[in-house]
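Participant: for reference, the sequence and a predicted model appear below.
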Amino acid sequence: MASTKDELLLRIREGGKLTTAEQLRLTAALSIPAILAQISSILMFYIDDAMVGSLGARASASIGIVATSIWLFWSIISCAATGFSVQVAHRVGGNDIEEARNVFRQSLIASMTLAVVTGLVGAVISSSLPRWLGGEAEICADASNYFLIFVLGAPLAMLGMLAGSMLRCAGNIKVPSLANIASCVLDVLFNFFLIFPTRTISLDLSTLSTLSTLNSQLTTLTFTLPGAGLGVVGAAIGTVTAEGLIALYMMWYAAVRQPELRLKGNPGSFKPQKPVLRIAGNIAGPILMQRVLMNVAQITVTVIVAPLGAVAIAANALGITAESLCYMPGYGIGEAATTLVGQSIGARRRRLTERFAWMTTMLGVAVMTLMGVVMYMAAPLMMASLTPDEAVRQLGTECLRIEAWAEPGFAASIVAMSCFVGAGDTRKPAFMNLFSMWAVRVTLAALLAPKYGLHGVWMGMAIELTFRGVIFLLRLKWGHWKKVKEDV
């Protein structure tokens, strides 16, 4: 009888042997739900962009101009979740369940404090941000409101990130995955009523032979759908509300139901202790620096794109959303890699750590290579689903086909980085990411945009992602990342 996922994870912690087939099965068992969760997560933004895109290029541009800034703020708060949850993976891997719960307790106060401060800073700059980014006056009001709503939801977002990350590092991929899918469904529902105004829908029944036979007078069915008509603002409210409800559920599940994390019936102090904070800082600090500076680099690219006009801004933003459906599987596999490597490191199983690292990385490369082929072929359809504007569609399609060639390299960097995070090795990989982003992508975007427009920006992106993948594979092969756990 085949062993279950939980049995295989327990065998890692207890020093039992896993065959190659069992390692592959465990990798797949953790990766598939995580991939589905990542895809559903990006579908929320895809749905937002598609619904708002139906309102025209200006509405899409108002989201596109602040999208990278939202990523920056979300990157800041997500680092806290990473810093604490990796420690939980190590404790669970070492079978020290009580200490894993202690880390979880302490993470709540520290991470929520960071989320509140981050949200307040975002609220203060929200009115001026679109202008700083070079947005045209006609899109600044919607862009500012969209950003403000998201940053005010930072504490709820932090709860979701922390709970999801803790559950995954404890070996529970299923609950966060299903929760993210539910969040996507709620997002569609809320957006449907918040973005659009009350409208009358007419359905032509003349083509339905059964109905027309029963009642020859009934050829059209008309009904009214209520709506708030909030446009871009409605998209933000819908997404934040959906994410908030799911975040509360996941935190409840982690604190009450998850065996390795359960706080109910296991009293302890919530006050953050210096050793836990120090390790969290050692892990999250380099990632925070990397994400902040990489998001600043993405904002810089947005500033480079802004003078190209509303069509280029919209095509760039919608193209990034469309491409994300292709690289989200890489992040899903990366989550599985962090769990497997983290628990193997905690169990001090060096050889198993290395095998899981290569197994997950190669799986990521294979899946995202296939997704790159799909993206190249389906680029026109992907853009058509996001906007009715023909100029935006055409430009976005051409950019997606440039980017498709970079998906294998992007996959290697995503999953390898997740392996390093699971091992607690974040300093050198962070600098590698920063060097690649600033020295290659931003430089090429600045050089190529004046001559080739948005095509030049995306050519620079494709070259940079391929370069990044190569250097991460080299570190995975020859780096000393597996030795980090003893030094943390």
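Facilitator: Right, received. Where do you want to start?
Participant: just the strands in the stretch 51-200 of the chain please.
Facilitator: Listed from the start of the chain, the stretch 51-200 of the chain has strands (DSSP state E, counting those that start in this stretch) covering 197-204.
Participant: which parts of it are helices?
Facilitator: Counting by DSSP state H, counting those that start in this stretch, residue ranges of the helices within the stretch 51-200 of the chain are 57-93, 97-125, 129-132, 137-152, 154-169, 174-194.
Participant: so which of these gets nearest residue 340?
Facilitator: In terms of C-beta to C-beta, the element of those nearest to residue 340 is helix 57-93, at 9.1 Å. All C-beta atoms are positioned from the backbone trio N, CA, C, and that covers glycine.
Participant: let me see the mean pLDDT of that closest one.
Facilitator: pLDDT averaged over helix 57-93 equals 86, rounded to a whole number.
Participant: so what's the gap between it and the chain middle?
Facilitator: Relative to the centre of its chain, helix 57-93 is centred 7 Å away, using C-alpha atoms, centre = their mean, to the nearest Å.
Participant: likewise for stretch 91-111?
Facilitator: 24 Å.
Participant: for it, list every residue counted as buried.
Facilitator: With burial defined by 16 or more other C-beta atoms under 10 Å, the residues of stretch 91-111 counted as buried are 91-97, 99-108, 110-111.
Participant: same thing with stretch 233-248?
Facilitator: Along stretch 233-248, the positions that meet the burial threshold by neighbour count (16+ other C-beta under 10 Å) are 233-247.
Participant: now intersect these with the helices, please.
Facilitator: Here DSSP state H is the test, and the buried residues of stretch 233-248 give 233-247 as lying in helices.
Participant: least confident secondary structure element in the chain?
Facilitator: For the chain, scoring each helix and strand by mean pLDDT, DSSP states H and E identifies helix 209-214 as the least confident one, at a mean of 51.
Participant: where does the closest residue to residue 80 other than its chain neighbours land on pLDDT?
Facilitator: Counting by C-beta to C-beta, 6 or more residues apart in numbering, the nearest residue to residue 80 once its immediate chain neighbours are dropped is residue 111, at 4.1 Å. Predicted confidence (pLDDT) for residue 111: 93.
Participant: before we move on, back to that, out of the helices of the stretch 51-200 of the chain, nearest to residue 335?
Facilitator: Distances from residue 335 to each of the helices of the stretch 51-200 of the chain were compared using C-beta to C-beta; the minimum, 5.4 Å, belongs to helix 154-169.
Participant: which other helices and strands contact that closest one?
Facilitator: Under the contact criterion of 3 or more C-beta pairs under 8 Å, 6 or more residues apart in numbering; DSSP states H and E, the helices and strands touching helix 154-169 comprise helix 57-93, helix 97-125, helix 174-194, helix 232-256, helix 310-346.
Participant: and that helix, average pLDDT?
Facilitator: When the per-residue pLDDT values of helix 154-169 are averaged, the result is 93.
Participant: swap in stretch 451-470?
Facilitator: In this model, stretch 451-470 carries a mean pLDDT of 95.
Participant: neighbours of the closest residue to residue 246 other than its chain neighbours, how many?
Facilitator: The spatial neighbour of residue 246 that comes closest, neighbours along the chain excluded (C-beta to C-beta, 6+ apart), is residue 183 at 4.1 Å. Other residues near residue 183 number 26, with proximity taken as other C-beta atoms under 10 Å.
Participant: do I have it right that residue 183 meets residue 241?
Facilitator: No: applying C-beta atoms under 8 Å as the test, residue 183 and residue 241 come out as separate, 9.9 Å apart.
Participant: ok, now how distant is residue 402 from residue 462?
Facilitator: Using C-beta to C-beta, to the nearest Å, one obtains 5 Å as the distance from residue 402 to residue 462.
Participant: how near is the residue nearest to residue 246 to residue 232?
Facilitator: Distance of residue 183 to residue 232, given as C-beta to C-beta: 20 Å.
Participant: ditto for residue 111
Facilitator: The gap separating residue 111 from residue 232 is 29 Å, by C-beta to C-beta.
Participant: residues contacting stretch 17-35, please?
Facilitator: When contacts are defined by C-beta atoms under 8 Å, 6 or more residues apart in numbering, stretch 17-35 is touched by residues 2-3, 5, 8-9, 11-12, 168, 171, 173-174, 176-178, 328-329, 331-333, 335-336, 339-340, 352, 355-356, 359-360, 363, 367.
Participant: enumerate every residue touching the nearest residue to residue 53 once chain neighbours are set aside.
Facilitator: Spatial nearest neighbour of residue 53, chain neighbours left out: residue 387 (3.8 Å); criterion: C-beta to C-beta, 6+ apart. With contacts defined as C-beta under 8 Å, 6+ apart, the neighbours of residue 387 are 49-50, 53-54, 57, 60, 314, 318, 393, 396.
Participant: of all these, which comes closest to residue 269?
Facilitator: When the contacts of residue 387 are compared for distance to residue 269 (C-beta to C-beta), residue 49 wins out at 44.0 Å.
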